[in-house]
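Asker: okay, here's the prediction I keep looking at, along with the sequence it came from:
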Amino acid sequence: MTNSPGLMISAPASGTGKTTVMLGLLRALRDAGDVVQPFKSGPDYIDPAFHLAAAGRPSFNFDTWAMDAHLLGAIAHKASGADLCIAEGSMGLFDGVATRGRFGFGSSAETAMTLGWPVVLVLDVSGQAQSAAAAALGFRTYNPDLPFAGVILNRVASPRHERLTRLGMERAGVRVLGALPRRGDLKLPERHLGLIQAIEHPDLEAAIAGYADFLRDHVDLAILKAASTAADAPAPGNLPKPPAQRIAIARDEAFSFTYPHLLEGWREAGAEILPFSPLADEAPAADADLVWLPGGYPELHAGRIATAGTFKAGLQRHAENRPVHGECGGYMALGVGLIDKDGTRHEMAGLLGLVTSYEKRKFHLGYRRAVLKTPLPGFDSGAALRGHEFHYSTILEQPDAPLADVFDADGGPVPETGSRRGHVTGTFFHLIAGEAE
């Protein structure tokens, strides 16, 4: 168990500035000599890379929908040696799903309660003053059992605006931990899945340093740290086991969406992780036991993937007698064709019959529970897996055998079943964990 004090940085909704606050706090506290352990609540696979850059420690996801208590405990144990844990929430504080009769299942609030970490609410106060206190009071009292540290006011227009807003918070009995003036240059670049990837940011180090200066100037870090609470996390279990001993994993701007706790579990169990870059036309290691293509943005690099002959030939040789698995973008790259948003078709690896298109975008988002019809590397037929799907592509052809029966968080069937051909498998969902038997 970990007794490191912690906080949950959350907000009423997406787009209110919590990632900027998170990165600035991580770096400002690190600069002050603190060892800070970052976490992400929910299934986001982009933010943890930004957290790593700011804190200098790997960030891990907590997910109370997809993970059992033992896995949550194993991930919480990664805070060993930290002076402070800071978790970044996803969406709004109480936003989750409603399965198993639980309202807000998988929400940031549920994560905070599980870990006993008070919530710091980042509140966009633009266009209001004292009225912001009513929203803050509602969030503080909505669940009386949720520990609540206070608010950081964001996008404050002027000293007068700050004074009026603070008066409202004082009347409501809500503690103000900081007030951030409105600045248009603090927004991180975005694309259709949210933030761009950390490796794509043109000057990430300078941006994070700027966020840290901004937070130091407008948030009392000592008061913030004093608001944290040390609580016992769930008893630690084991991180997921590796699906093979030597795992060649694609890693570049087109393929990077793998949950950090999976890679950490594989390494801890002694597996060798062998990165390679399809965009650099690198083949996977010839002696790998498994090739794993993570999700990412193949649609932005489809032309380069189509002409990466060494990469595709290496995949094809491996698939003759050893497993290859792709998730989301990796799954699309294993198909025969990917049609980009302009309607141009690009030839992919051809190991599956899948054809996908971005010409007519269709939004797919949500948790997934999959019951395997056939084995998947690391799992037997019949095993139940939990994961998350988030993409805009449309399936035009999927002639291969379905890999699994797939359901959404409410138990409704999902048509994106994944597929299998020979030693090659693929899914549109990103694996988070297998269900305990």
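Answerer: Cool, got the structure. Residues are numbered from 1 along each chain as shown.
Asker: distance of the residue located most distally from the centre of the chain relative to residue 111?
Answerer: The outermost residue of the chain relative to its centre, with distances by C-alpha atoms, centre = their mean, is residue 160 at 37.7 Å. Shown here: residue 160 relative to residue 111, a distance of 37 Å by C-beta to C-beta, to the nearest Å. In this view, the C-beta of every residue, glycine as well, is placed from N, C-alpha and C.
Asker: hang on, the earlier thing: report the secondary structure state of the residue farthest from the centre of the chain.
Answerer: Following DSSP: H, G, I helix; E, B strand; the rest coil, the label given to residue 160 is helix.
Asker: show me what contacts the nearest residue to residue 300 once chain neighbours are set aside?
Answerer: With C-beta to C-beta, 6 or more residues apart in numbering as the criterion, residue 300 has its nearest non-adjacent residue at 7.1 Å, and that residue is residue 254. By C-beta atoms under 8 Å, 6 or more residues apart in numbering, the contact list for residue 254 reads 278, 279, 296, 297, 298, 300, 301, 304, 305, 329, 333.
Asker: could you redo the last one with a cut-off of 7 Å?
Answerer: 278, 279, 296, 297, 298, 301, 305, 329 (C-beta atoms under 7 Å, 6 or more residues apart in numbering).
Asker: can you pull the pLDDT of residue 231?
Answerer: Looking at residue 231, its pLDDT stands at 80.
Asker: I'd like to know how far it sits from residue 216.
Answerer: 27 Å.
Asker: compare the two (neighbour count), which wins?
Answerer: residue 231 (20 against 17; other C-beta atoms under 10 Å).
Asker: how much space separates that one from residue 219?
Answerer: Taken as C-beta to C-beta, the span from residue 231 to residue 219 is 23 Å.
Asker: now residue 425: how far from residue 314?
Answerer: 18 Å.
Asker: tell me the first helix or strand C-terminal of the one helix or strand residue 121 maps to.
Answerer: Applying DSSP states H and E as the criterion places residue 121 in strand 119-124. Later in the chain than strand 119-124, the nearest helix or strand by DSSP H and E is helix 131-142.
Asker: domain-wise, how is this protein divided?
Answerer: Domain assignment for the chain, taken from automatic domain parsing, gives 5-230, 246-434.
Asker: comparing those by mean pLDDT, which bottoms out?
Answerer: Minimum mean pLDDT among the domains of the chain: domain 5-230, a mean of 91.
Asker: next, the distance between the ends of it.
Answerer: Using C-alpha to C-alpha, to the nearest Å, the end-to-end distance of domain 5-230 comes out at 4 Å.
Asker: now the strand holding residue 121 and helix 131-142, what's the angle there?
Answerer: When axes from the mean of the first three to the mean of the last three C-alpha atoms, to 10 degrees is applied, the directions of strand 119-124 and helix 131-142 differ by 150 degrees.
Asker: pipe the domains of the chain into CSV and attach distance to residue 240 per row.
Answerer: Formatted as CSV, those follow (distance: least, C-beta to C-beta, whole Å):
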stretch, distance to residue 240
domain 5-230, 8
domain 246-434, 4
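Asker: quick one: the helices in the protein, in order.
Answerer: 18-31, 47-55, 69-76, 108-115, 131-142, 159-172, 204-218, 221-226, 260-268, 302-306, 309-319, 329-334 (DSSP state H).
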